[in-house]
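Peer 1: got a predicted model here, sequence first, then my questions.
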Amino acid sequence: MGLISGTSVDGIDVALVEITGCQRDLTVEFVTGATYPYPSELRSQILQVCSGTPLSLAELAQLDDAIARTFAQAVMTLQQSSQPADLIGSHGQTVFHRPPQSTQLGYSLQLGRGELIAHLTGITTVSNFRVGDIAAGGHGAPLVPILDAYLLRHPQYHRCIQNIGGIGNVTYLPKLNSTPILGWDTGPGNTLLDLAVQYFSQGTQSYDKDGAWAATGTPCLPLVEQWLQQDFFQQPPPKSTGRELFGWDYWQRCLTELEPYKLSAADVLATLTELTAASIYHSYCQFLPQLPDEILLCGGGSHNRYLKYRLQTLFNPIPVFSTSELGLNADFKEAITFAVLAYWRWLGIPGNLPSVTGAVSEVLLGEIHTVFTPNVIP
Ligand SMILES: Nc1ncnc2c1ncn2[C@@H]1O[C@H](COP(=O)(O)OP(=O)(O)OP(=O)(O)O)[C@@H](O)[C@H]1O
Ligand SMILES: CC(=O)N[C@H]1[C@@H]2OC[C@@H](O2)[C@@H](O)[C@@H]1O[C@H](C)C(=O)O
């Protein structure tokens, strides 16, 4: 079973999978999955911590345990209608991510401690996947590209797999036997859009369903061009980012910079959607050896029809479709990855892709928490 709550902090994705084989012969069958929203108070607390609100060490421990309990509850709820899992891989909730710099290792903190999930569910749990890669000088992100490499590589076509979650990230899969697999965070996915929707709807809506609101607006292209000049977009891979850069403070700066243009709410949403689409397009043009033959979308943003239309227009004539159309569930791919990474950790197989994260070598990812004192939630 794989578990994650991503940078949108919308809820816990749980995927139950059946795995056979190992690496080249790996097969992953998606059995079932569900997303369990966070209780609203816990979600607000996480979002506050992500935007820099200080908390004491006792409060940090309490938050870590509250998240672990919510994750464990998600496992137990899914298991009421499915067979029990042999192993859990839990990513947890990222609350802070600092990419490495020339003389400084990166730092990435995921809460929802694995030992408590193991204790509460009675199932061996692997957690804390990013630190192994970070210790080897890598970004510790993105980690999903290795699953894309085993499950989605094509013998004749160069493919890009584009996740559009809170943050966007790409995996470049050159056709078999050609140049290395690449991957990096492309910038904002839905974080800024979600913040804008909450602002304009006075908290009554949390996201722009299907992109319907943005689709009625017109993007302000000079602003998008201006925002794309930012260092992060110019920086070559390996690179990673998070809500620290594309979160609340960034949205507040957007509001200030939008002010002179006197745009409608729909125009602002179209402009932020364009930033996501254009940042993806420009990063492919800047950093890939060549544009791909196909682009496969995944993550919640793959359901945003207006965003998909903008990507199709920018990349025309390259086809843009969803990983679900190739049989890999676009909503649960991240959760599925952490189930596979846990399995590899259990078998002693490295889980990082140094050509993506920038680590100096392949390493084992994750810490294994066995069950000493089971206390299964009723
Ligand atoms: N039907 C839809 N139309 C438009 N946007 C959608 C739709 N469904 C989901 N989303 C967007 O997708 C977001 C959630 O995506 P997802 O669950 O992939 O993100 P995440 O996993 O939290 O982030 P990350 O991949 O950065 O860790 C929502 O916040 C929302 O903005
Ligand atoms: C530090 C962190 O949690 N990063 C996330 C985030 O969300 C998307 C993108 O930024 C990606 O790099 C990563 O998550 C996925 C699961 C990954 O590691 O591939």
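Peer 2: Sure, I can see it. Ligands and ions are numbered 1, 2, ... in the order given.
Peer 1: please count neighbours and contacts with C-alpha atoms only from this point.
Peer 2: OK.
Peer 1: show me which residues of the stretch 201-350 of the chain sit near ligand 2.
Peer 2: Proximity of the stretch 201-350 of the chain to ligand 2, by C-alpha under 6 Å from any ligand atom, involves residues 240-242, 334.
Peer 1: of those, which belong to helices?
Peer 2: Judged by DSSP state H, the subset of those located in helices is residue 334.
Peer 1: low-confidence ranges in this protein?
Peer 2: Along the chain, segments meeting pLDDT under 70 span 378.
Peer 1: buried only: go through the residues of the stretch 201-350 of the chain next to ligand 2 for me.
Peer 2: Among these, those classed as buried by 16 or more other C-alpha atoms under 10 Å are 240-242, 334.
Peer 1: for residue 165, state which of those residues is nearest.
Peer 2: Closest to residue 165 out of those is residue 334 (9.9 Å), distances taken as C-alpha to C-alpha.
Peer 1: which residue ranges of the chain form helices?
Peer 2: Under DSSP H, the chain gives helices at 40-50, 57-79, 114-121, 130-135, 145-152, 191-200, 221-228, 231-234, 248-258, 265-287, 305-315, 333-347, 354-357.
Peer 1: so what secondary structure elements neighbour the second one?
Peer 2: To tie it back to what came earlier, the one meant is helix 57-79. Here helix 57-79 touches strand 11-20, strand 27-37, strand 88-98, strand 107-111, helix 114-121, going by 3 or more C-alpha pairs under 8 Å, 6 or more residues apart in numbering; DSSP states H and E.
Peer 1: so the fourth one, near ligand 1 or not?
Peer 2: No. Contact of strand 107-111 with ligand 1 is not found when judged by C-alpha under 6 Å from any ligand atom; the minimum separation is 11.6 Å.
Peer 1: do the same with the second one
Peer 2: No. Taking C-alpha under 6 Å from any ligand atom as the criterion, strand 27-37 and ligand 1 are apart, separated by no less than 8.7 Å.
Peer 1: which parts of that strand are buried?
Peer 2: 27-28, 30, 32-36.
Peer 1: same check, this time on the first one
Peer 2: By 16+ other C-alpha under 10 Å, the buried positions in strand 11-20 come out as 11-18.
Peer 1: mind listing what residue 241 touches?
Peer 2: If you count contacts by C-alpha atoms under 8 Å, 6 or more residues apart in numbering, residue 241 has them with 97-99, 167, 185, 187.
Peer 1: restrict those to those near ligand 2?
Peer 2: 97, 167, 185.
Peer 1: does stretch 269-281 come close to ligand 1?
Peer 2: No. Legend: contact between stretch 269-281 and ligand 1 by C-alpha under 6 Å from any ligand atom is lacking; minimum distance shown is 10.4 Å.
Peer 1: sorry, back to before: so can I have CSV of the contacts of residue 241 showing neighbour count?
Peer 2: Formatted as CSV, those follow (neighbours: other C-alpha atoms under 10 Å):
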residue, neighbour count
97, 21
98, 18
99, 20
167, 26
185, 27
187, 28
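Peer 1: what bridges to the closest residue to ligand 2 within the stretch 151-300 of the chain?
Peer 2: In the stretch 151-300 of the chain, the residue found nearest to ligand 2 is residue 167; the distance is 4.6 Å by C-alpha to the nearest ligand atom. According to DSSP bridges, the partner residues bridging residue 167 are residue 188.
Peer 1: near ligand 1, which residues of the stretch 251-378 of the chain show up?
Peer 2: Selection of the stretch 251-378 of the chain residues close to ligand 1 by C-alpha under 6 Å from any ligand atom yields 299-301, 303-304.
Peer 1: name the nearest residue to residue 146, ignoring sequence neighbours.
Peer 2: Computed as C-alpha to C-alpha, 6 or more residues apart in numbering, the closest residue to residue 146 that is not its neighbour in sequence is residue 353, at 6.2 Å.
Peer 1: how about residue 28?
Peer 2: Spatially, and ignoring its direct neighbours in sequence, residue 28 is nearest to residue 19 (4.7 Å; C-alpha to C-alpha, 6+ apart).
Peer 1: also residue 107?
Peer 2: Setting aside the residues directly before and after it, residue 107 is nearest to residue 98 in space (C-alpha to C-alpha, 6+ apart), at 5.0 Å.
Peer 1: tell me the contacts of the one you found?
Peer 2: 106-108, 241.
Peer 1: out of the residues you listed, who's the most crowded?
Peer 2: Counting neighbours by other C-alpha atoms under 10 Å, residue 241 leads the contacts of residue 98 with 23 neighbours.
Peer 1: do you know how far that residue is from residue 362?
Peer 2: From residue 241 across to residue 362, the span is 21 Å (C-alpha to C-alpha, to the nearest Å).
Peer 1: neighbours of residue 40, how many?
Peer 2: By other C-alpha under 10 Å, neighbour count at residue 40 equals 11.
Peer 1: now do residue 233
Peer 2: Here the number of neighbours of residue 233 (other C-alpha under 10 Å) works out to 19.
Peer 1: ok, it - contacts?
Peer 2: Per C-alpha under 8 Å, 6+ apart, neighbours of residue 233: 186-187, 279, 283.
Peer 1: which ones are touching the nearest residue to residue 67 once chain neighbours are set aside?
Peer 2: The spatial neighbour of residue 67 that comes closest, neighbours along the chain excluded (C-alpha to C-alpha, 6+ apart), is residue 112 at 4.6 Å. Counting by C-alpha under 8 Å, 6+ apart, residue 112 touches 63-69, 71, 92-93.
Peer 1: 7 Å instead?
Peer 2: 64-65, 67-68, 92-93 (C-alpha atoms under 7 Å, 6 or more residues apart in numbering).
Peer 1: any idea which of these is closest to residue 264?
Peer 2: Distances from residue 264 to these, taken by C-alpha to C-alpha, are shortest for residue 93, at 34.0 Å.
Peer 1: who does that closest one form a beta bridge with?
Peer 2: Residue 93 has these beta-bridge partners by DSSP bridges: residue 5, residue 111.
Peer 1: pretty sure it sits against residue 113.
Peer 2: No. Residue 93 lies out of contact with residue 113 (C-alpha atoms under 7 Å); the separation is 9.6 Å.
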